[in-house]
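*Asks:* Kindly return the folded structure for what I paste below:
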Amino acid sequence: MSEKQFNPYSAPDSAPDNAPSSASDSWSAYWRQGSNEAACLPGAPAALGNLLDGIWGDFGASLDGGATVVDLACGGGVVGASMLAANAKLDVTGIDYAELPGEARPPFPLLREPISQTSCQDGYFDAAASQFGIEYADPAEAGKELGRILKAGAKLQFIAHYAGGAIAKANETRASLLKAVNRPDIWQFANGRDGASLQSAFDAIHKKHGESPLFLELVSAVRAALGHEGNARTKLLKDLQTSIEHEQEIIANLMDAAIAPKQMKGWMKKLGKNFNFAKPDVIRMGDDVICWHIAGTYKP
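*Replies:* Numbering: from 1, shown residues only. Okay, the predicted model is just below:
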């Protein structure tokens, strides 16, 4: 950014007062685990990252050199990085209310704040991008803030979760298993080293949910904790439970944020009358519906 513009690095290291603290904590924990997947959550086909990389590369290449771009709910910056790879002269700023560790931070300036209330200057950005992010915000609030910080004619491109799509379905299955494991009796058996009762509970979960990689991971983590004594065991089990609860919250937020076909028109309308969108595309891989591809412009 030029010296006369705001300094993205002056953003606080802790969550701002207007950030949803619970969700912020869950996403902060997610990024501390070192994930930087294109889809942000399990359930996306492995090839999706390459497909989305191409979409964002094309969008970046369509912008003028030196164009200012805001990457909303940027996470580790995969969107902005793809755009910069196609157009190195772009001036990208990321917005995300999660606390990202140094190794997960995007390769461009980052503001830690909610996308519905930023410290960005009025009419500053030539374009706005978001991948699995803007749909988590209230559309009216996000649209009002975008209307403040975007220039007239700014280009828009969003990738958003599709309700009932492959990612949503995979995470619904994952949430069901997490709920089955995160029960008081499981933790009671584990803390008390009641191996027989714990095995019986895991057998029942296995019978209902099958032997997925997640199931094996959870069982292994619990059993590993049993090898420790006293307070060390208690802490390991509590940390595991907290990790499960963070993921449960993230998945619940995803399910609430995902946009169904019958909701899409209303969602775009709530952003504001000055946002002009083409008919949204549906990204598919084989027979599976994956996500929405939404493009348009801001014309006050």
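*Asks:* roughly how far apart are residue 173 and residue 167?
*Replies:* Between residue 173 and residue 167 the distance is 11 Å, computed by CB to CB, to the nearest Å. Every C-beta, even on glycine, is put in place using the N, C-alpha and C of the backbone.
*Asks:* So these two - more neighbours on which side?
*Replies:* Between residue 173 and residue 167, counting by other CB atoms under 10 Å, residue 167 is the more crowded of the two (25 against 17).
*Asks:* Then that one would be within a helix, right?
*Replies:* Yes: Residue 167 sits within a helix when classified using DSSP: H, G, I helix; E, B strand; the rest coil.
*Asks:* Distance of it relative to residue 186?
*Replies:* In this view, residue 167 and residue 186 are 27 Å apart by CB to CB.
*Asks:* With residue 155 instead?
*Replies:* With the distance defined as CB to CB, residue 155 ends up 50 Å from residue 186.
*Asks:* With residue 277 instead?
*Replies:* As for residue 277, its distance to residue 186 is 46 Å (criterion: CB to CB).
*Asks:* who's more crowded, these two?
*Replies:* residue 186 (20 against 16).
*Asks:* Verify the stated contact: that one with residue 201.
*Replies:* Yes: the pair residue 186 / residue 201 is scored as a contact, 5.7 Å apart, by CB atoms under 8 Å.
*Asks:* how about the helices in the stretch 1-150 of the chain?
*Replies:* Using DSSP state H, counting those that start in this stretch, the helices of the stretch 1-150 of the chain run over residues 21-32, 48-61, 78-86, 139-149.
*Asks:* closest to residue 233 out of those?
*Replies:* Taking CB to CB as the criterion, helix 21-32 is the member of the helices of the stretch 1-150 of the chain that comes nearest to residue 233, at 21.1 Å.
*Asks:* Point out where the chain drops to low pLDDT.
*Replies:* Screening the chain residue by residue with the criterion pLDDT under 70, one finds the ranges 1-46, 101-104.
*Asks:* could you say what helices and strands the longest helix belonging to the chain packs with?
*Replies:* Of all segments of type helix in the chain, defined using DSSP state H, the longest is helix 230-257. Using 3 or more CB pairs under 8 Å, 6 or more residues apart in numbering; DSSP states H and E as the contact criterion, the elements in contact with helix 230-257 are helix 21-32, strand 150-161, helix 166-181, helix 184-191, helix 213-225.
*Asks:* okay, the helices of the stretch 1-150 of the chain in JSON lines with distance to residue 219 and mean neighbour count next?
*Replies:* Converted to JSON lines, the helices of the stretch 1-150 of the chain look like this (distance: least, CB to CB, whole Å; neighbours: other CB atoms under 10 Å):
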{"stretch": "helix 21-32", "distance to residue 219": "21", "mean neighbour count": "18"}
{"stretch": "helix 48-61", "distance to residue 219": "28", "mean neighbour count": "18"}
{"stretch": "helix 78-86", "distance to residue 219": "31", "mean neighbour count": "22"}
{"stretch": "helix 139-149", "distance to residue 219": "40", "mean neighbour count": "19"}
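*Asks:* of those, which approaches residue 266 most closely?
*Replies:* Closest of the helices of the stretch 1-150 of the chain to residue 266 is helix 139-149, at 8.7 Å (criterion: CB to CB).
*Asks:* Quick one: list the elements packing against the closest one.
*Replies:* Packing partners of helix 139-149 (3+ CB pairs under 8 Å, 6+ apart): helix 261-271, strand 275-277.
*Asks:* Tell me what angle it forms with helix 261-271.
*Replies:* Regarding helix 139-149 and helix 261-271, their directions subtend 40 degrees when assessed with axes from the mean of the first three to the mean of the last three CA atoms, to 10 degrees.
*Asks:* hmm, who's touching helix 139-149?
*Replies:* With contact meaning CB atoms under 8 Å, 6 or more residues apart in numbering, helix 139-149 is reached by 70, 72, 115-118, 120-125, 128, 134, 267-268, 270-272, 274-275, 298, 300.
*Asks:* follow-up on the earlier one: let me know which of the helices and strands packed on helix 139-149 is tucked in deepest.
*Replies:* Of all the helices and strands packed on helix 139-149, strand 275-277 carries the top mean neighbour count, a mean of 17, counting by mean count of other CB atoms under 10 Å.
*Asks:* Tell me which strands whatever helix or strand comes next after that one pairs with, and in which orientation.
*Replies:* In the C-terminal direction, the helix or strand that comes right after strand 275-277 (DSSP states H and E) is strand 281-285. Sheet pairing for strand 281-285, assigned by DSSP bridges, gives strand 288-298 (antiparallel).
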